[in-house]
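Asker: any chance you can model this:
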Amino acid sequence: MWRIVHLTSWLFCLSILGAQENESPEALLDALLPNARKIEEFDRLVDDLGADGFKVREEAMDRLLEAPLIPDRVLQRGLKSEEPEIRARVREVIKQGGIARSEAVFRRALELLAAGEEKGLLNKVAAVLEGGLTVNGALAARVGSKISLPEDAELLGRLAGAGSTSARRMAAAGAEAIEEAGMGILRDLLEDTEESVRMQAAVGLANLGQIAGARGLAEFLDSESTVARIRAWEGLQALTGRNFGYSPIDRPDIRKAARQKWEEFLKGEFVLKGRVGESRAIALFNGRNLAGWTHYRRGNEVAPNEGTWKVEDGVLRCPGEGPGDLRTNAEFEDYVLVVSYRASQPVADGGIGVMMTPREGQPAVGFRRDGGDYLEVQLLPGRSGDLYKIGGFQAKVEGKELGFAQRRMREVKEPLNEWHEMRLEVRDGLVRVYLNGLLVNEAVGHEKPGRILLREERSKLEFRQVTLLPVGG
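Answerer: You can find the predicted model right below:
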């Protein structure tokens, strides 16, 4: 039996590879859609996980681990098996299986759909989503907006009730695209449990001329998410031409008065004058994985089998096995960086690095152990906001060369197990450091672009926002 299984799994893998070479979004989607034969094969393999023969069990496990996509209902059946060994092995398949390869293919198909003019494939996209694959919510929304047709209204309604946040965002964006036919979907999603879905629905309704959409956006002026506050602020300004002195990066107590003015205005009669466009805010941490980042220790890239940073329940967790850093793959110049972080121990040590220039080929020893030069903003309860020069980075504080460290200029309460916000304003080499909205330090460095990093010491820290705004935002 196992030779037949090996052959069919191999053919399945070949279908994925062929679809990738084809680069047709429809071919990619078709390769991901399991037909009845594939489902029957997967069911048999799951049953073989509990077979009496060791070789049969191991071969079934190998094939399942290699499979690019296993339908969610097959996995759920295995998880509910009465045999403990089947349940345990299915959990291992979910943890280590080929879903990452499938998601890469799915993401490529969606990128092609978002960039092209092809329509009429929403049914296949929905089938893949319902099969258990996930995708970035922003990409899902772009695809929903691009490929949805009025005749997809029923399908969009089904996606609006899906368990996947990405599917519901796709439904909201698609509902906006089909205009009048999608109004009911948008009104329903305005009450969704997920903030990102409610935001998509509010934007859609507002862009279709509905006052309820603008009022829905006002909810996010007090969001814990900097990205959501910026999106709401930009949207409301575009829709009404008003501002009321609100700034999404001010402290909550300062934002409150302006937010109340917005709420009072939106209760009255007004006319929508514009549309909500694309936000200028960039979420460097997407809440799902380490896309856009690379983990280094002592200047060397961390191997996949080493302990690395993890994302759990939307929170980025530092393993505390440094020294090292999580580094952006891209370089940035002139921006506002907002980082939300939390420590559970008084000695939890870490940092944020800006204007980082890697030192290719240089020995990673002493204070140059990170393999790069940058300015570090300390994250340590009681000392968060202190500045350190790492490697050969050159900076000045109050006109004098920064020797190694510069303590923060004021004390700020930093209770453990609470989220705190570090805001760094970087412009023309000048770095201003704000902790929970209060200016605590500043220095002047070079004006060249550089990477952003989260420094890893031997302490565990958590992050839930790493947001980049252009200067002036």
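Asker: could you give the number of residues near residue 193?
Answerer: 8 (other C-beta atoms under 10 Å). To be clear about C-beta, it is placed using only N, CA and C from the backbone, and glycine gets the same treatment.
Asker: what distance do you get for it to residue 417?
Answerer: 25 Å (C-beta to C-beta, to the nearest Å).
Asker: who's in contact with the closest residue to residue 247 other than its chain neighbours?
Answerer: Of all residues not flanking residue 247 in the chain, residue 255 sits nearest, at 7.1 Å (C-beta to C-beta, 6 or more residues apart in numbering). Listed by C-beta atoms under 8 Å, 6 or more residues apart in numbering, the contact set of residue 255 reads 221, 222, 229, 246, 247, 248.
Asker: what pLDDT does residue 255 get?
Answerer: Predicted confidence (pLDDT) for residue 255: 91.
Asker: kindly report the same for residue 313.
Answerer: 80.
Asker: residue contacts, the residue nearest in space to the middle of the chain?
Answerer: Centroid-nearest residue in the chain, with C-alpha atoms, centre = their mean: residue 286, separated by 1.1 Å. Under the criterion of C-beta under 8 Å, 6+ apart, the neighbours of residue 286 are 136, 292.
Asker: sorry, back to before: and the contacts of residue 255, which of them are in helices?
Answerer: residue 229 (DSSP state H).
Asker: what comes up buried for stretch 302-313?
Answerer: Using 16 or more other C-beta atoms under 10 Å as the test for burial, stretch 302-313 gives 302, 308, 309, 311.
Asker: how about residue 243, secondary structure?
Answerer: coil (DSSP: H, G, I helix; E, B strand; the rest coil).
Asker: was I right about it contacting residue 237?
Answerer: Yes: using C-beta atoms under 8 Å, residue 243 makes contact with residue 237 at a distance of 6.0 Å.
Asker: listing request: residues of the protein with sub-threshold pLDDT.
Answerer: Along the chain, segments meeting pLDDT under 70 span 1-22, 68-69, 97-100, 304-305, 360-371, 472-473.
Asker: which segments of it make up each domain?
Answerer: Residue ranges for each domain of the chain read 2-100, 132-283, 293-470, as given by automatic domain parsing.
Asker: what sits against residue 309?
Answerer: Taking C-beta under 8 Å, 6+ apart as the test, what residue 309 contacts is 290, 293, 295, 316, 317, 318, 319, 326, 454, 456.
Asker: er, residue 138 I mean
Answerer: residue 169.
Asker: tell me if it really is in a helix.
Answerer: Yes: the assignment for residue 138 (three-state DSSP) places it in a helix.
Asker: what number of residues lie near residue 337?
Answerer: If we define neighbours as other C-beta under 10 Å, then residue 337 has 21 of them.
Asker: meant to ask about residue 241, not that
Answerer: Number of residues near residue 241 (other C-beta under 10 Å) recorded here: 12.
Asker: that one contacts residue 271, doesn't it?
Answerer: No: counting by C-beta under 8 Å, residue 241 sits too far from residue 271 to count as a contact (9.9 Å).
Asker: tell me where the stretch 301-450 of the chain has strands.
Answerer: 310-312, 315-317, 324-328, 335-343, 350-358, 372-379, 387-390, 396-397, 400-401, 405-406, 420-427, 430-435, 438-444 (DSSP state E, counting those that start in this stretch).
Asker: of those, which is nearest residue 214?
Answerer: Smallest distance to residue 214 across the strands of the stretch 301-450 of the chain (C-beta to C-beta): 24.8 Å, for strand 335-343.
Asker: just the buried residues from the contacts of residue 255, in ChimeraX please.
Answerer: Remark: buried members of those, expressed as a ChimeraX selection using 16+ other C-beta under 10 Å:
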select :221,229,246,248
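Asker: max pairwise distance over the contacts of residue 255: which two?
Answerer: Among those, the pair separated by the greatest distance (C-beta to C-beta) is 222 and 247, which sit 13.0 Å apart.
Asker: residues in contact with residue 425?
Answerer: Per C-beta under 8 Å, 6+ apart, neighbours of residue 425: 336, 431, 432, 434, 471.
Asker: and the nearest residue to the last one once chain neighbours are set aside, how many neighbours?
Answerer: For residue 471, ignoring the flanking residues on the chain, the nearest one in space by C-beta to C-beta, 6+ apart is residue 334 at 4.7 Å. Residue crowding around residue 334 was assessed by other C-beta under 10 Å; the count is 15.
Asker: tell me if I'm right that residue 334 and residue 431 touch.
Answerer: No: using C-beta under 8 Å, residue 334 and residue 431 do not qualify as a contacting pair, with a distance of 11.2 Å.
Asker: okay, now the residue lying closest to residue 309 once chain neighbours are set aside: neighbour count?
Answerer: Spatial nearest neighbour of residue 309, chain neighbours left out: residue 326 (5.4 Å); criterion: C-beta to C-beta, 6+ apart. Residues contacting residue 326 under the criterion other C-beta under 10 Å number 23.
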